[in-house]
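Colleague: Any chance you can model this:
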Amino acid sequence: MITHTPQLILLVDDREENLLALKHILAGPQVSILTATSGHEALSLLLDHPVALILMDVQMPEMDGFETAELIRGNPDTCRIPIIFVTAINTDTQHIFKGYDAGAVDYLSKPLDPETLVRKTKVFLELHQYQQSLVATTQELTEMVTTLKKANAQIQVHQKKRLQEERLKVLIQMAGAMAHELSQPLMALQGNMQLMKIHEASPEKIPLYMDRIDESGRRIAEIIHKIQTLHVDDTRNYPGDASIINLDQTIRILVVGKDGQDGSSLTQALNTLDRLDIAWAHTTDEAQKALEIRARDLLFISCARADEPTESFIQSLTTATKSPLFVIIAETTDELNTSRLIRQGALEVLKRDQVSPDLIRALLHRALDTVVSGSTLSAMDRADEASLKDPCTGLYTRHCFDNLLRREVNRAQRMGQALALLLLQIDNMEEVITTYGPEAGDMVLGSLGSLLDDMTRTDDLAARFGPTTFAVLLSGITASEIPRITERFKKAMTQKDFIYNAFRFNITLQAGTGLLTPGPGGNAEELIAGAQKACAGVAECMAPSSACESSSV
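Modeller: Numbering: from 1, shown residues only. Reported below is the predicted structural model:
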């Protein structure tokens with residue numbers, strides 16, 4: 001046997017002398033034996049003991065072995081226990097088949113050969129031991145997967161917080177850059193307008209001032225065009241340890257693999273964008289040489305499947321320079337490999353048929369945020385975690401989410417992106433607490449918080465919006481995608497099984513989504529109002545939450 005754990009054998013016979021004989025034959029240090037003199041007693045023992053094997057006489061009063069075996073097979077908790085029938089009569093083929101039909105795995109005739117009985121018993125006990133080992137291994141793997149999911153969730157939270165702070169820093173730098181770039185032509189504009197007033201009596205000078213005003217206006221228009229056009233912000237140093245953003249820097253891109261071919265969706269998307277310095281490489285060796293010649297801000301790496309690139313493959317392309325960001329483009333993707341690649345540093349993992357100019361433009365904006373911010377420590381990482389996260393769900397608090405929402409709305413309007421706010425309200429939480437207790441309510445909220453955190457993308461935000469309401473802010477989606485995404489979240493939450501004190505139950509919920517279309521106009525309040533109007537439980541959605549108190553759930 002593979003372990004030294006004693007295993008239980010149940011002997012069922014209406015004659016005590018037969019039970020004593022069987023116990024004597026099967027006795028051993030790795031075997032524990034239970035005995036029963038009737039089918040009813042055997043069924044009772046099976047309810048309380050983890051039996052590995054049953055040896056049962058066929059001829060017994062009240063309930064014979066066949067009837068007992070059929071009842072054992074009909075119970076889900078005992079149906080997998082092997083049964084060996086032992087009998088001194090009716091050994092003809094028809095009778096043996098009847099025993100197999102009742103659920104027996106073997107059939108022994110009396111008088112028994114001790115060696116045969118021991119060998120057969122040993123085989124079934126070893127099979128049971130292997131089965132128990134498999135169950136234990138499965139449980140260990142399940143626990144390991146759960147641990148890895150939690151670790152992955154923490155990594156994703158960390159990545160989200162870093163990215164959010166990097167975006168904030170970019171906004172601040174952009175504001176400083178715009179002020180610096182605009183200050184000179186504005187001053188020239190104001191100065192020439194004042195000179196025109198001063199020299200109103202000298203009309204011959206007016207054309208000169210008008211030309212200067214026109215030149216200042218042209219420079220202001222160029223700067224505004226730069227702000228509205230895709231760009232990378234490079235830092236330009238000035239005397240006195242000062243620096244501002246250089247709005248004229250291009251994004252340096254290297255495309256590795258077949259997506260660099262003419263006519264590919266990536267090539268077509270990149271050709272629609274301005275201020276890109278693009279290089280192409282068909283193989284890893286070509287890519288390494290290209291990176292040695294000139295550093296790149298972003299790599300697009302082609303592969304057949306999302307699980308194809310290994311860590312060493314990615315490192316071979318990122319160690320030749322200062323670890324540029326990279327995007328994986330594959331024919332097929334899945335959540336497991338996508339998560340693995342993002343942990344290895346990927347900015348995004350895309351299916352090849354998803355590539356479009358709008359998506360590539362959004363990715364380059366994200367690359368802009370990361371390149372400018374570099375390795376700057378996140379201010380959110382330095383803040384008190386408890387002030388940002390709801391302790392029950394692990395998601396952002398309502399107060400923190402409101403602040404982040406306003407910032408994301410401004411960012412979406414600046415970049416011409418759409419935003420959707422999904423509200424998910426639990427309907428039967430009061431019933432859960434009444435039936436199973438407040439602790440069950442906390443368990444449900446915590447599990448759903450982890451589920452939502454796993455389901456949200458890097459650029460999305462999830463929060464506890466109300467006592468029984470969750471909010472998910474989705475960026476870069478269209479109105480046609482909302483029903484599918486909403487259904488995916490609803491299905492994941494309502495089909496999740498919750499187990500508390502051996503009771504299994506599910507939750508029901510209502511969902512509503514508000515959409516902020518690309519372009520100017522609209523604000524965070526209107527986005528919330530639209531989602532609340534679509535959600536059936538408007539009053540519940542309005543209630544804020546700052547702590548995990550089951551009584552308030």
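Colleague: How is this structure divided into domains?
Modeller: If you go by automatic domain parsing, the domain ranges for the chain are 7-112, 162-383, 385-552.
Colleague: how about those domains in CSV, adding mean pLDDT and mean neighbour count?
Modeller: All C-beta spots, glycine's among them, are computed from the backbone N, C-alpha and C. Listed next are these as CSV, based on pLDDT from 0 to 100; neighbours: other C-beta atoms under 10 Å:
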stretch, mean pLDDT, mean neighbour count
domain 7-112, 82, 17
domain 162-383, 69, 16
domain 385-552, 82, 18
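Colleague: and L186, what element?
Modeller: Assigned by DSSP states H and E, L186 belongs to helix 114-198.
Colleague: Could you look up the next helix or strand downstream of that helix?
Modeller: That would be, after helix 114-198 and using DSSP H and E, helix 206-228.
Colleague: For that next one, which helices and strands make contact with it?
Modeller: helix 114-198 (3 or more C-beta pairs under 8 Å, 6 or more residues apart in numbering; DSSP states H and E).
Colleague: Wasn't S480 part of a strand?
Modeller: No: counting by DSSP: H, G, I helix; E, B strand; the rest coil, S480 is not found in a strand; it is helix.
Colleague: Tell me the spacing between it and T494.
Modeller: 23 Å (C-beta to C-beta, to the nearest Å).
Colleague: same deal with V86?
Modeller: For V86, the distance to T494 - C-beta to C-beta - is 51 Å.
Colleague: cool, G530 as well?
Modeller: 23 Å.
Colleague: Could you do I328 as well?
Modeller: Distance of I328 to T494, computed by C-beta to C-beta: 32 Å.
Colleague: Provide a list of residues in contact with L195.
Modeller: Counting by C-beta atoms under 8 Å, 6 or more residues apart in numbering, L195 touches K205, Y209.
Colleague: What ranges does the stretch 451-553 of the chain have for its helices?
Modeller: Using DSSP state H, counting those that start in this stretch, the helices of the stretch 451-553 of the chain run over 482-494, 524-534, 538-542.
Colleague: Isn't W280 up against G260?
Modeller: Yes: the pair W280 / G260 is scored as a contact, 3.9 Å apart, by C-beta atoms under 8 Å.
Colleague: isn't there a strand covering I301?
Modeller: Yes: under three-state DSSP, I301 sits within a strand.
Colleague: Just grab the bridge partners of it for me.
Modeller: V256, I328 (DSSP bridges).
Colleague: Against T284, how distant is it?
Modeller: From I301 across to T284, the span is 9 Å (C-beta to C-beta).
Colleague: and stretch 512-525, how far from the chain's centre?
Modeller: Distance of stretch 512-525 from its chain centroid, counting by C-alpha atoms, centre = their mean, to the nearest Å, is 26 Å.
Colleague: With stretch 126-143 instead?
Modeller: Here the centre of stretch 126-143 is set off from its chain's centre by 28 Å, with C-alpha atoms, centre = their mean.
Colleague: same thing with stretch 515-529?
Modeller: Chain-centre distance of stretch 515-529: 27 Å, with C-alpha atoms, centre = their mean.
Colleague: Leaving out the residues flanking it, which one is nearest to the residue at minimal distance from the centre of the chain?
Modeller: Nearest residue to the geometric centre of the chain (C-alpha atoms, centre = their mean): D454, 2.7 Å. The shortest distance from D454 to any residue other than its chain neighbours is 5.8 Å, reached at A153 (C-beta to C-beta, 6 or more residues apart in numbering).
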